[in-house]
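1. Predicted coordinates and the sequence they were generated for:
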Amino acid sequence: MTGPLAGITVLDFSRVLAAPLATQILAELGATVVKVERPGTGDETRGFEPRLPHGESAYFFAFNRGKKSVTLDLKDPRGQEVARKLAAEADVVVENFLPGAMDRMGLGYADLARPDLVYVSATGFGQTGPDRDRKGYDTVFQALSGVMAMTGEPDGPPSKTGIPVADLTSGLWVVIAVLSGLAGRAATGRGRHLDVSMMDVQLSLHALNAARLFALGEDPVRTGTEHPGRVPSAAFQAGDGEWLHISGSDQHWGPLCAVLELDDLAADPVLRGNSGRVEQRARVMKALRGAIARHDRDALVKELRAAEVPAGAVRSVREALADPHAVARGVVGEFTHPAEGTFPALRTPLRETGGEPTSVGTPPRLGADTDDVLAGLGLGPAEIEGLRAAGVIR
C-alpha cells in the first residue's frame, strides 16, 4: 500500500537521534528521504554501540531505516552547490546544526527559500534566546528542564528516565513541524521555516506539573511511581517478588478492595472519593502494599482485570515485546541488510484501519545512493568521478 506521504521528498541534514527519528518516520510513511552524510564517517551514530557482527551499528539502524544515503562534504563549496541542487528538488529540508551553521554554508532558509519550501531547524535551544548557541544532550535537557528532578523515588536522588525521552519527544515534534508545514503549504501554497527547540519540547511535557504549580504555587517533587493527585496509582511488589502497577479512579475503588479483601477500607465513606484517599495516602498505601504482598503477581493481575481494575505487570522490555498482543499487532518487524542480514526492528506505530502495519525500511550503507541521486540531478559520470576524486563525495 502506498504510504500517505508518497510523492514528498525530504532532504535530511540531521544526525544522531531526535531529527533522524523524525525523518525515519517520514520515510516509513512513504516520503523519499535523502540523508546527507559526511564522506568517510557519515552520521556519527554509525560508530555507536551496540555493534553487530559485521560492524554495523544497531543504534544507527534504529533511527535511519528507509532512507537514501548521499555523502557530501558540506564544508567544500562544490559540496554546498550539490546540496543546493538537492534542496531545489525537495519539498522539505530538515537540519539540526547549531543556529547559523547552515547559513555559513549557504544552506540556510534564506539561501534555499522557495515560496513552497518547508524548512525545519531542530536544535537544542532554538533559533533565538540567550542559550541559542549552547550544545545539549538528552540527559542535559532532562536535567535543565526539571524532568530529572521529577524522576525517581522521593527519598532518592534525581534520575534520568529509562528512555532518551528528550530526544524521542523532540523527534516527534519535528514530525509535527514537517506535517504542519506541509498542511499549511497545501492550504496556502506557502512554505515556512519552523523552529523546534528540544528544551521547549521538554518544558511542554510539564503540562500537569505546571498546572499544579500555577494552581497551588507548589513546585512538584519526585513521587516515584505514585501519582501526586490520585490514589491508588503506583507500582506494588507482589508476594513472589514481581511488580505490578495499579491506577484506579473512584469507580475502581470498591472492586479493588473486594479483590484484596480490604473490607474496612471499602466501608470507610471518606475513602470512596479520591480526595479522601489522597488525604489519607499513607494509610491507604500501607494497607494496599500489605494486601498485595499476599498474592502472586500474575494471578492478582488476572483477578484485577476481571474486576475491571486498571492494572498491569511491570514487565521487562523483552517481556513487553514478546506479549501476545504486541505480536498480534505486528509491533516488531524486520528488514534484510546487505551486510548484517535479517534484523528485527520496531515498526512505526501508525497504520490505516483495516490495513497492514507500516513496512520496515532498510538502513542505508554509507553513500550507497550517492551516484544515483547525483545522476538524478543531471550530473554526468565525469562530474561525479571528479567530485569523488576531490573527496567531496565517497
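-> Cool, the structure landed.

2. got the residue ranges for the strands in the chain?
-> Taking DSSP state E, the strands of the chain run over residues 9-12, 32-37, 68-71, 92-95, 118-123, 192-197, 233-237, 243-247, 311-313, 332-337, 341-346.

3. for these, which one sits closest to residue 224?
-> strand 233-237 (7.3 Å; C-beta to C-beta). C-betas here are computed from N, CA, C, even on glycine.

4. Hey, what's the angle from that closest one to strand 243-247? Just curious.
-> 160 degrees (axes from the mean of the first three to the mean of the last three C-alpha atoms, to 10 degrees).

5. Show me what counts as buried in strand 233-237.
-> Buried residues in strand 233-237, counting neighbours by 16 or more other C-beta atoms under 10 Å, are found at 233-234, 236.

6. so can I have TSV of those residues showing distance to residue 22?
-> Formatted as TSV, the buried residues of strand 233-237 follow (distance: C-beta to C-beta, whole Å):
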residue	distance to residue 22
233	32
234	34
236	37
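
7. Switch those over to a markdown table, and while doing so, append pLDDT and distance to residue 45 to every line.
-> Output for the buried residues of strand 233-237, formatted as a markdown table (pLDDT from 0 to 100; distance: C-beta to C-beta, whole Å):
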| residue | pLDDT | distance to residue 45 |
| --- | --- | --- |
| 233 | 97 | 36 |
| 234 | 97 | 36 |
| 236 | 98 | 38 |
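
8. And the residues you listed, which is closest to residue 383?
-> Among the buried residues of strand 233-237, residue 233 lies closest to residue 383 (C-beta to C-beta), at 63.1 Å.

9. who's the closest residue to the closest one other than its chain neighbours bridged to?
-> Closest residue in space to residue 233, ignoring its immediate chain neighbours: residue 227 at 3.6 Å, by C-beta to C-beta, 6 or more residues apart in numbering. Beta-bridge pairing for residue 227 (DSSP bridges): residue 230.

10. For residue 227, give its distance to residue 297.
-> With distances taken as C-beta to C-beta, to the nearest Å, residue 227 is found 20 Å from residue 297.

11. When those two are compared, which one has more neighbours?
-> Applying other C-beta atoms under 10 Å to residue 227 and residue 297 shows that residue 297 carries more neighbours, namely 20 against 14.

12. and that one, what is it in contact with?
-> For residue 297, the contact set (C-beta atoms under 8 Å, 6 or more residues apart in numbering) comprises 238, 240, 242-244, 313.

13. Now do the nearest residue to residue 116 once chain neighbours are set aside against residue 177, distance only.
-> With sequence-adjacent residues excluded and distances taken as C-beta to C-beta, 6+ apart, residue 116 is closest to residue 191, at 4.8 Å. In this view, residue 191 and residue 177 are 12 Å apart by C-beta to C-beta.

14. Please apply the same query to residue 231.
-> Taking C-beta to C-beta as the measure, residue 231 falls 38 Å from residue 177.

15. What of residue 48?
-> 25 Å.

16. cool, residue 243 as well?
-> The gap separating residue 243 from residue 177 is 38 Å, by C-beta to C-beta.

17. Neighbour count: those two, which is higher?
-> Each of residue 243 and residue 177 has its neighbours counted (other C-beta under 10 Å); residue 177 has more, 23 against 15.

18. my guess is that one meets residue 194, correct?
-> Yes - look at residue 177 against residue 194 with C-beta atoms under 8 Å: they come within range, at 4.1 Å.

19. need the strands of the chain in a markdown table with distance to residue 130, can you?
-> Converted to a markdown table, the strands of the chain look like this (distance: least, C-beta to C-beta, whole Å):
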| stretch | distance to residue 130 |
| --- | --- |
| strand 9-12 | 29 |
| strand 32-37 | 30 |
| strand 68-71 | 36 |
| strand 92-95 | 22 |
| strand 118-123 | 14 |
| strand 192-197 | 13 |
| strand 233-237 | 38 |
| strand 243-247 | 40 |
| strand 311-313 | 44 |
| strand 332-337 | 43 |
| strand 341-346 | 38 |
